[in-house]
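Peer 1: what's the 3D shape of this:
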Amino acid sequence: MAKSDFDNANPTVLSVSQLPSRSQVKGHVRKGPDSKYDHILFPKQWWAGSSLNSDPSVWTSDEDEDDDLALATEEPIDEQEIYDLLSTISDPEHPVTLGQIAVVRLDDIHLSPSPAERLDPNTLTNVEVDLTPTVNHCSLATVIGLAVRVRLENALPPNYRIIVRMKDGSHAQDDQVNKQLGDKERVAAALENDTLKGIIEKMLETCV
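Peer 2: Purely as a prediction, here's the structure:
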């Protein structure tokens with residue numbers, strides 16, 4: 001594909017040092033080692049089983065399940081950790097990440113209910129992610145949204161409900177794209193497409 005064929009041939013690219021990091025989150029005191037969430041940041045391959053099933057085996061190992069659960073509930077996952085999961089996904093057109101071109105933004109990630117309530121692993125936690133395409137006619141908006149959803153479905157515990165959508169007014173067909181991303185059956189059908197699965201697999205190769 002020639003550069004001129006891209007939806008946005010020259011997107012604004014941020015350096016890695018400009019991306020939000022834990023040290024920039026004011027008032028947050030991080031407890032425990034930085035590897036605390038390794039067991040969910042390094043999940044099994046996304047195609048192992050259905051990416052849409054809330055199967056605990058997707059995000060936890062068979063070893064030391066009780067210890068892993070204790071670690072996971074010690075401190076609730078927050079917006080920064082969700083951002084860290086998503087910001088390293090590759091853009092399907094350019095050799096940069098979704099964080100570098102501000103498709104994923106920390107301010108557009110919202111978790112509910114409150115952190116104290118999220119300490120209970122039986123509490124349903126909503127994760128809402130609003131994406132901002134670099135151009136409002138982006139033809140790959142749905143693909144990007146699917147990659148974000150697959151990443152979260154595989155990395156988060158089964159009591160997390162994932163909502164991925166285009167930010168209001170950011171895309172000319174945001175209603176249509178959001179309908180696709182919000183329909184589990186349509187998402188599952190889309191992920192049966194080998195070409196699409198290959199694109200998403202490539203996008204997730206840069207995730208750490």
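Peer 1: quick one: the helices in this protein?
Peer 2: Ranges of helices in the chain, per DSSP state H, are 38-41, 65-74, 79-87, 115-118, 141-155, 174-182, 184-190, 194-203.
Peer 1: how about those in JSON lines, adding distance to residue 161 and mean neighbour count?
Peer 2: All C-beta spots, glycine's among them, are computed from the backbone N, C-alpha and C. Output for the helices of the chain, formatted as JSON lines (distance: least, Cβ to Cβ, whole Å; neighbours: other Cβ atoms under 10 Å):
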{"stretch": "helix 38-41", "distance to residue 161": "16", "mean neighbour count": "16"}
{"stretch": "helix 65-74", "distance to residue 161": "16", "mean neighbour count": "13"}
{"stretch": "helix 79-87", "distance to residue 161": "13", "mean neighbour count": "22"}
{"stretch": "helix 115-118", "distance to residue 161": "12", "mean neighbour count": "13"}
{"stretch": "helix 141-155", "distance to residue 161": "10", "mean neighbour count": "23"}
{"stretch": "helix 174-182", "distance to residue 161": "11", "mean neighbour count": "17"}
{"stretch": "helix 184-190", "distance to residue 161": "11", "mean neighbour count": "14"}
{"stretch": "helix 194-203", "distance to residue 161": "21", "mean neighbour count": "15"}
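Peer 1: in CSV, list those along with mean pLDDT.
Peer 2: Shown next, in CSV, are the helices of the chain (pLDDT from 0 to 100):
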stretch, mean pLDDT
helix 38-41, 44
helix 65-74, 53
helix 79-87, 96
helix 115-118, 90
helix 141-155, 95
helix 174-182, 90
helix 184-190, 91
helix 194-203, 94
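Peer 1: as TSV, the ones you listed with distance to residue 106 would be great.
Peer 2: Shown next, in TSV, are the helices of the chain (distance: least, Cβ to Cβ, whole Å):
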stretch	distance to residue 106
helix 38-41	17
helix 65-74	22
helix 79-87	5
helix 115-118	16
helix 141-155	14
helix 174-182	20
helix 184-190	24
helix 194-203	20
